[in-house]
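Trainee: one predicted model, sequence on top.
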Amino acid sequence: MIGRLRGTLLDKQPPWLVVDVAGVGYELEASMNTLVALPAPGEPVFLYTHLSVRDDAHLLYGFAREQERSLFRALIKVNGIGPKLALAILSGMDEAAFMRCVMDDDAKALTRLPGVGKKTAERLIIEMRDRFPHWEPAEAGLGAAIGGSAVSDARQEPLVDAEAALVSLGYKPAEATRMLAGLEDEASTEAMIKAALSRRLAG
């Protein structure tokens with residue numbers, strides 16, 4: 001089991017990133033909350049990880065905070081929630097926001113996430129009440145956890161990249177386009193995606 005990685009960020013193309021550890025490049029999939037917090041390529045990073053072993057692949061997931069990984073692991077234990085949907089949930093809201101939705105029976109907010117219908121939202125609320133792992137307050141600094149807080153993206157087509165990332169999270173292309181409308185001036189692909197997800201969650 002690979003529990004964490006410390007190395008150099010080589011590349012990030014949401015929702016994927018590559019981390020070099022002693023000459024070995026680890027490819028990971030991460031939530032947008034983690035990707036937004038990452039420093040620029042070439043900078044050091046520290047990530048908590050979860051390894052998923054399937055018959056056809058070994059998939060590695062990366063998290064800026066141990067609390068986020070704990071919630072990911074709790075989510076994938078819920079009937080009908082796989083790693084892809086768990087990452088989509090974590091991309092749309094952080095741990096504290098998700099906990100509030102569950103404790104307040106706010107199924108409507110959960111249904112704004114891709115792949116989460118009314119029945120899935122209700123199942124999440126019922127099953128997750130007793131599954132919350134223990135974590136420190138979400139305000140604990142992201143930058144300190146991963147070795148950097150500045151977000152930088154030198155890619156030339158951030159809008160196209162942002163739309164592709166939203167589609168990979170489960171949104172339909174037309175919906176992704178609407179979510180990104182008017183966000184062309186955001187500083188980076190990650191910032192665009194984060195703003196679009198926040199807008200979608202707010203309804």
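Mentor: Looks like it arrived, so ask away. Numbering: from 1, shown residues only.

Trainee: I figured Gly3 hits Tyr48, correct?
Mentor: Yes. Here Gly3 reaches Tyr48: they are 7.1 Å apart, a contact under CB atoms under 8 Å. All C-beta atoms are positioned from the backbone trio N, CA, C, and that covers glycine.

Trainee: out of those two, which sits in the busier spot?
Mentor: Of the pair Gly3 and Tyr48, Tyr48 is the one with more neighbours under other CB atoms under 10 Å, namely 21 against 10.

Trainee: hang on, the more buried one in a strand?
Mentor: Yes. The assignment for Tyr48, made by DSSP: H, G, I helix; E, B strand; the rest coil, places it in a strand.

Trainee: for the longest helix along the chain, name the packing helices and strands.
Mentor: Ranked by residue count and defined by DSSP state H, the top helix of the chain is helix 189-202. If you count contacts as 3 or more CB pairs under 8 Å, 6 or more residues apart in numbering; DSSP states H and E, helix 189-202 packs onto helix 32-37, helix 83-92, helix 158-168, helix 173-180.

Trainee: sketch out the low-pLDDT regions of this protein for me.
Mentor: 132-157, 185-187, 203 (pLDDT under 70).

Trainee: can you tell me the centre-most residue of it?
Mentor: Central residue of the chain (CA atoms, centre = their mean): Ser31, 1.2 Å from the mean position.
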